[in-house]
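Colleague: structural data only, the sequence is not supplied:
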Ligand code: MF3
Ligand code: CO
Ligand code: CO
């Protein structure tokens with residue numbers, strides 16, 4: 001018998017799944033809005049984690065990272081050259097830091113997963129530019145989502161733009177299907193070629209979460225086993241939305257109710 005390479009089946013969700021994702025996505029987006037005033041000089045990332053823990057409890061939701069593969073915090077908070085999975089700690093943040101807060105909530109069994117960048121005080125022009133390029137990369141990836149497009153079109157849209165802006169795309173982490181599972185098929189690569197990979201169909205739900213570096217794309221892990229940092233210590237930024245493929249295009253579940261899309265955030 002010839003062995004057939006099978007593509008893992010990509011789940012298709014119906015209107016109930018989309019409604020549940022809207023609810024979970026909006027709650028996590030509200031949490032990202034509400035942490036904004038806390039992301040300032042002198043505050044520790046643990047204090048943000050504590051705030052999010054209380055937010056989840058108040059809204060009958062559960063932070064999905066708690067206990068996930070042994071991870072012990074409610075959030076991931078990644079500063080400066082930390083690419084992702086920064087573990088909240090007691091160290092106060094400083095002026096000039098650029099900060100990614102990545103929050104995932106389980107609401108009625110469904111996962112809303114989103115992250116945004118924040119700036120402490122004033123930062124460098126280079127850091128501001130990196131944040132703008134990263135946001136635009138994510139939005140270009142999202143704009144490539146429609147029925148009949150391919151997964152590779154998303155990666156191509158992100159990579160071609162980010163590299164034209166003299167930034168690099170991290171390869172070691174990707175977006176993911178989600179819904180009642182936190183990390184489901186398919187992998188969403190943030191680099192790639194047009195037309196490659198599975199074809200998108202209405203009902204697919206996944207995240208797009210590019211990590212973009214000012215320097216080279218390589219990462220390494222700190223001894224805690226979680227924190228990923230750039231090998232060359234260059235700054236790294238990330239944004240993440242949870243999205244669904246609709247009949248006509250794409251729906252973003254995690255849009256900010258307060259219009260806080262990217263820094264600077266007006267109070
Ligand atoms: N929220 C992250 C993501 O976007 C996953 C964090 S898993 C953890 O997929 F264990 F590191 F928290
Ligand atoms: Co994610
Ligand atoms: Co996330």
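Modeller: Sure thing, it's come through. It should be emphasised that the depicted structure is a prediction, and the values quoted were computed from it without experimental measurement. Ligands and ions are numbered 1, 2, ... in the order given.
Colleague: C-alpha from now on. contacts and neighbour counts both.
Modeller: OK.
Colleague: which SS class is residue 76?
Modeller: State at residue 76, reduced to three classes by DSSP: H, G, I helix; E, B strand; the rest coil: strand.
Colleague: can you pull the contacts of it?
Modeller: 84-88, 100-103 (CA atoms under 8 Å, 6 or more residues apart in numbering).
Colleague: and it, what are its bridge partners?
Modeller: residue 102 (DSSP bridges).
Colleague: where does it land on pLDDT?
Modeller: Looking at residue 76, its pLDDT stands at 99.
Colleague: just residue 226 next, same as before
Modeller: Value for residue 226, per-residue pLDDT: 98.
Colleague: quickly find the element holding residue 153.
Modeller: helix 151-164 (DSSP states H and E).
Colleague: packing partners of that helix?
Modeller: helix 125-143, strand 168-169, strand 184-188 (3 or more CA pairs under 8 Å, 6 or more residues apart in numbering; DSSP states H and E).
Colleague: any idea how far residue 205 lies from ligand 1?
Modeller: 13 Å (CA to the nearest ligand atom, to the nearest Å).
Colleague: so that residue makes contact with residue 181?
Modeller: No: Residue 205 lies out of contact with residue 181 (CA atoms under 8 Å); the separation is 10.8 Å.
Colleague: of the two, which one has the most company?
Modeller: Neighbour count, other CA atoms under 10 Å: between residue 205 and residue 181, residue 205 has more, with 30 against 13.
Colleague: what residues are up against the more buried one?
Modeller: Counted by CA under 8 Å, 6+ apart, residue 205 has contacts 12-13, 177-179, 242-245.
Colleague: those: which ones sit near ligand 1?
Modeller: Counting by CA under 6 Å from any ligand atom, nothing from the contacts of residue 205 sits close to ligand 1.
Colleague: next, give me the two most distant ones among these.
Modeller: Put simply, by CA to CA the two of those set farthest apart are 12 and 242, 14.9 Å from each other.
Colleague: which one's more surrounded, the two?
Modeller: Between residue 12 and residue 242, residue 242 has the larger neighbour count (other CA under 10 Å), namely 29 against 13.
Colleague: who does that one form a beta bridge with?
Modeller: residue 207.
Colleague: so how far is residue 24 from it?
Modeller: 10 Å (CA to CA, to the nearest Å).
Colleague: which neighbours do the two share?
Modeller: What both residue 242 and residue 24 touch, as defined by CA under 8 Å, 6+ apart, is the set 112, 253.
Colleague: count of neighbours near residue 8?
Modeller: 9.
Colleague: assign it to helix, strand or coil.
Modeller: coil.
Colleague: from what I can see it touches residue 177, true?
Modeller: No: using CA under 8 Å, residue 8 is not in contact with residue 177; the gap is 11.7 Å.
Colleague: shared neighbours, those two?
Modeller: Counting by CA under 8 Å, 6+ apart, the contacts common to residue 8 and residue 177 are 185-186.
Colleague: close to ligand 1: what parts of this structure are there?
Modeller: So the chain meets ligand 1 at 65, 68, 71, 76, 85, 102-104, 113 (CA under 6 Å from any ligand atom).
Colleague: out of those residues, which is most surrounded?
Modeller: residue 113 (32 neighbours).
Colleague: how about it, phi and psi?
Modeller: Per-residue torsions, residue 113: phi -130, psi 120 (degrees, to the nearest 10).
Colleague: pLDDT at it, what is it?
Modeller: Per the predicted model, pLDDT is 99 at residue 113.
Colleague: got it, and residue 8?
Modeller: Looking at residue 8, its pLDDT reads 78.
Colleague: grab the nearest non-local neighbour of residue 245.
Modeller: Nearest non-adjacent residue to residue 245, counting by CA to CA, 6 or more residues apart in numbering: residue 202, 4.7 Å away.
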